[in-house]
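[1] the following comprises the amino acid sequence and a computationally predicted model.
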Amino acid sequence: MSQEYTSSEMMTVTAARALENGMTCFVGIGLPSEAANLARLTHAPEVVLIYESGTLQTKPEILPLSIGDGELCESALTTVAVPEMFRYWLQGGKVNVGFLGTAQIDRFANLNTTLIGDYKAPKVRLPGGGGAPEIATNAGEVFITLKHSKRAFVKDVDFVTTLGFGRDGKGRDNVPNIGKGPTRVITDLCVMKPDPDTKELVVVSLHPGVTREDVIDATGWDIRFAEQLESTQEPNPNELEILRELKARTERAHAGE
Amino acid sequence: MAEFLSLHDAVARYVEDGATVAMEGFTHLIPFAAGHEVIRQKKRDLTLIRMTPDIIYDQLIGAGCAKKVIFSWGGNPGVGSLHRLRDAVEKGWPRKIEILEHSHAAMACAFEAGAAGLPMAVLRGYVGSELPSVNDQIKFIECPFTGERLAAVPSVRPDVSIIHAQRADRQGNVLVEGIVGVQKEAVLAAKHSIVTVEEIVDDLNAHPNACVIPGWAISAVAVAEKGALPSYTHGYYGRSNRFYKEWDAIARDRDTFTQWIDKNIYGAEEQA
């Protein structure tokens, strides 16, 4: 296939493909929301999208700028109060997959959205946990998507806002009623999965045109590659067309507000 | 029975210096007009509670109203940082503020527990998170029936909660439609409450399961047309995503922020 596409489009399409038709997905804003809606508009029309603002089974025509845009409510099957969303639907075990972004991620897929530096004297204060700490532990499994860079992919996060597998990889061991945790991390360079034993993230698939060196250079730890390293399937014309239409629609709508 | 007051009088009566205040609205129905009135009346030393501080608390923090902020996600949704919140936390401008941060699930549960008159909320939360190491209000307890380790946080019991809603009838009963967030919980958890509304109508025309807050559970109702802008009111007007984006540049710099507040808050008469 010769169609041109960007590394961001490659990332979104790959993240979208991770969602299976019929899954119930608790969606984070930004890249996860873009990917989840692309999935819904392509191979997974029956995917159930839930946003923490209380909008259940929502089918937005345009991507929301915020987690509580009116579009999410208007296109939802129903909208519930936020305590109900977190208690009944998430904590109650009704969510198959939580789809999250993050500012920082470490080798055990712990997420930091709290701050860079020391808590008492932060270099950079980030927004904080939001829904992520409980999405990551109460959803059946977790997909994470973010752009690959040395600043984002660090050996140890400055702060564990949200559990991946803990600072030693054993953070979920013997914890009752907890989800599987991160099962894949999708970036603009590759797909990673946790090693079944150590839980350290391992590259399982490189996007077309990306080399091992590219990933090594953009990762803050000694990243490992799977023995049977795969090549990620390129976006097909249909996926690209639908993604571009979705983004153009979104841009037009937001410019008009 | 809710008393109909002007927004000025409602804020003057119920928001005292040093009070614990929750202005809720989950992206939707954020009570901006009321927040602006709090700034205009130069309230000080407030403990501000909100799941998502949003631009409204960025403005209150930058204007020097807050001494403490309790929150769970402090960003400009879809845009980036809340620069006034960051400046206060990182550099202590215009004053040092204390922060206490939770997760959304914990705060939602804490509001619900407050409404339920309980001292604390219990949830399956904070597993593996380091938030409990920086927030001494997060504890863990053992379920007396199963032995499961669960998180506990104190309930939210504000001195006053402020929300915005679509409309009230002439008895002060309030209808909230769309994304309802934790607004009902915030009102019921608080000692006093102010509800601003787009309009007063003869009949709410609410369906049987609608989110209606009875007038007798509310302290004051004040009309504030477009009172949620730049947030939105479902059925009335949309969110000004453009303003949320513009705010990034306004709030990034202390001078442009101060000019904006001078012109748009101190320089503007209360609209209601």
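    Sure, I can see it. Quantities reported herein were computed from a predicted structural model and do not represent experimental measurements. Numbering: from 1, shown residues only, chains lettered A, B, ... in the order given.
[2] for the stretch 1-150 of chain B, which residues are neighbours of chain A?
    Neighbours of chain A within the stretch 1-150 of chain B, by Cβ under 8 Å from any Cβ of the partner chain: B:26-28, B:51-52, B:71-75, B:77-79, B:81-82, B:85-86, B:89-90, B:101-106, B:108-109, B:111-112, B:123-131, B:134, B:148. Using the backbone N, CA and C atoms, a C-beta is placed for each residue, glycine as well.
[3] buried subset of the residues you listed?
    Taking 16 or more other Cβ atoms under 10 Å in any protein chain shown as the criterion, what is buried in these is B:26-28, B:51-52, B:71-75, B:77-79, B:81-82, B:85-86, B:89-90, B:101-106, B:108-109, B:111-112, B:123-131.
[4] out of those, which sit inside strands?
    Members of these lying in strands (criterion: DSSP state E): B:71, B:75, B:81, B:101, B:123.
[5] now for those residues: which two are most distant?
    When Cβ to Cβ is used, the two most widely separated members of these are B:81 and B:123, lying 27.8 Å apart.
[6] domain parsing for chain B?
    If you go by automatic domain parsing, the domain ranges for chain B are B:3-102+B:156-257, B:104-154.
[7] what's the end-to-end length of the shortest one?
    When you say that, I think you mean domain B:104-154. Length of domain B:104-154, first residue to last, Cα to Cα, to the nearest Å: 14 Å.
[8] cool, and the first one?
    The separation between the terminal residues of domain B:3-102+B:156-257, taken as Cα to Cα, is 35 Å.
[9] now it: average pLDDT?
    Mean pLDDT, domain B:3-102+B:156-257: 97.
[10] please enumerate the strands of chain A.
    A:24-27, A:48-51, A:55-58, A:76-79, A:97-100, A:104-105, A:111-112, A:115-117, A:122-125, A:141-145, A:182-186, A:190-194, A:201-206, A:224-231.
[11] out of the ones you listed, flag the one nearest residue B:253.
    With respect to residue B:253, and counting by Cβ to Cβ, the nearest of the strands of chain A is strand A:122-125 at 16.9 Å.
[12] and that closest one, is it in reach of chain B?
    Yes. Contact between strand A:122-125 and chain B, assessed by Cβ under 8 Å from any Cβ, occurs at A:122, A:123, A:124, A:125.
[13] who does that strand touch, helix- and strand-wise?
    Packing partners of strand A:122-125 (3 or more Cβ pairs under 8 Å, 6 or more residues apart in numbering or on different chains; DSSP states H and E): strand A:115-117, helix B:83-91.
[14] list the strands paired with the shortest one, with their directions.
    Pointing back at strand A:115-117 there. Pairing partners of strand A:115-117, with direction, according to DSSP bridges: strand A:122-125 (antiparallel).
[15] quick check on the closest residue to residue B:190 other than its chain neighbours: phi, psi?
    In space, and not counting its chain neighbours, residue B:190 is closest to residue B:161: 3.7 Å by Cβ to Cβ, 6 or more residues apart in numbering or on different chains. Main-chain dihedrals, residue B:161, degrees, to the nearest 10: phi -110, psi 140.
[16] I'd assumed residue B:182 was in contact with residue B:161.
    No. Using Cβ atoms under 8 Å, residue B:161 is not in contact with residue B:182, being 9.5 Å away.
[17] show me what contacts residue A:81?
    With contact taken as Cβ atoms under 8 Å, 6 or more residues apart in numbering or on different chains, residue A:81 is in contact with A:54, B:180, B:181, B:182, B:184, B:185, B:211.
[18] and these as CSV, adding distance to residue A:229, secondary structure and neighbour count?
    Shown next, in CSV, are the contacts of residue A:81 (distance: Cβ to Cβ, whole Å; DSSP: H, G, I helix; E, B strand; the rest coil; neighbours: other Cβ atoms under 10 Å in any protein chain shown):
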residue, distance to residue A:229, secondary structure, neighbour count
A:54, 42, coil, 30
B:180, 48, coil, 27
B:181, 45, coil, 29
B:182, 47, coil, 30
B:184, 53, helix, 24
B:185, 50, helix, 27
B:211, 52, strand, 16
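[19] residue B:144: which of the residues you listed is nearest?
    Set against residue B:144, the nearest of the contacts of residue A:81 by Cβ to Cβ is residue B:185 (25.4 Å).
[20] tell me the contacts of that closest one?
    Going by Cβ under 8 Å, 6+ apart, residue B:185 touches A:81, A:83, B:108, B:111, B:112, B:114, B:115.
[21] related to what we said a few turns ago, need the residues touching each of residue B:161 and residue B:182.
    Listed as contacting both residue B:161 and residue B:182 by Cβ under 8 Å, 6+ apart are residue B:24.
[22] roughly how far is stretch A:40-48 from the heart of the chain?
    Stretch A:40-48 has its C-alpha centroid displaced from the chain centroid by 17 Å (Cα atoms, centre = their mean, to the nearest Å).
[23] next, the buried residues of the longest helix along chain A.
    Counting residues, the longest helix found in chain A (DSSP state H) is helix A:237-255. By neighbour count on 16+ other Cβ under 10 Å, the buried set for helix A:237-255 is A:239, A:240, A:242, A:243, A:246, A:247, A:250, A:253, A:254.
[24] apart from its neighbours in sequence, what residue is nearest the residue of the stretch 101-250 of chain B at minimum distance from chain A?
    Nearest to chain A, among the residues of the stretch 101-250 of chain B, is residue B:128, at 3.0 Å (Cβ to the nearest Cβ). Nearest non-adjacent residue to residue B:128, counting by Cβ to Cβ, 6+ apart: residue A:163, 3.0 Å away.
[25] rewinding a little: any chance of the helices and strands packed on strand A:122-125 in CSV with distance to residue A:145 as columns?
    Below are these laid out as CSV (distance: least, Cβ to Cβ, whole Å):
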stretch, distance to residue A:145
strand A:115-117, 20
helix B:83-91, 25
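[26] using the three-state scheme, assign residue B:205.
    Here residue B:205 is recorded as coil under DSSP: H, G, I helix; E, B strand; the rest coil.
[27] which stretches of the stretch 51-200 of chain B form helices?
    Assigned helices in the stretch 51-200 of chain B, in chain order: B:54-62, B:83-91, B:104-115, B:131-134, B:183-189 (criterion: DSSP state H, counting those that start in this stretch).
[28] chain center to the last one, what's the gap?
    I take that to be helix B:183-189. 11 Å.
[29] do the fourth one as well
    Its chain's average C-alpha position is 23 Å from that of helix B:131-134, according to Cα atoms, centre = their mean.
[30] got a list of contacts for that helix?
    Helix B:131-134 is contacted by residues A:114, A:119, A:129, A:133, A:161, B:101-103, B:126, B:138-140, B:151 when judged by Cβ under 8 Å, 6+ apart.
[31] closest to residue A:153 out of these?
    residue A:161 (15.8 Å).
[32] let's have the buried residues of helix A:237-255 in CSV, adding pLDDT and distance to residue B:268.
    Below are the buried residues of helix A:237-255 laid out as CSV (pLDDT from 0 to 100; distance: Cβ to Cβ, whole Å):
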residue, pLDDT, distance to residue B:268
A:239, 98, 49
A:240, 98, 47
A:242, 98, 45
A:243, 98, 43
A:246, 97, 39
A:247, 97, 37
A:250, 92, 32
A:253, 86, 29
A:254, 81, 26
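[33] using CSV, lay out those together with distance to residue B:230.
    Converted to CSV, these look like this (distance: Cβ to Cβ, whole Å):
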residue, distance to residue B:230
A:239, 34
A:240, 34
A:242, 31
A:243, 29
A:246, 24
A:247, 23
A:250, 18
A:253, 16
A:254, 13
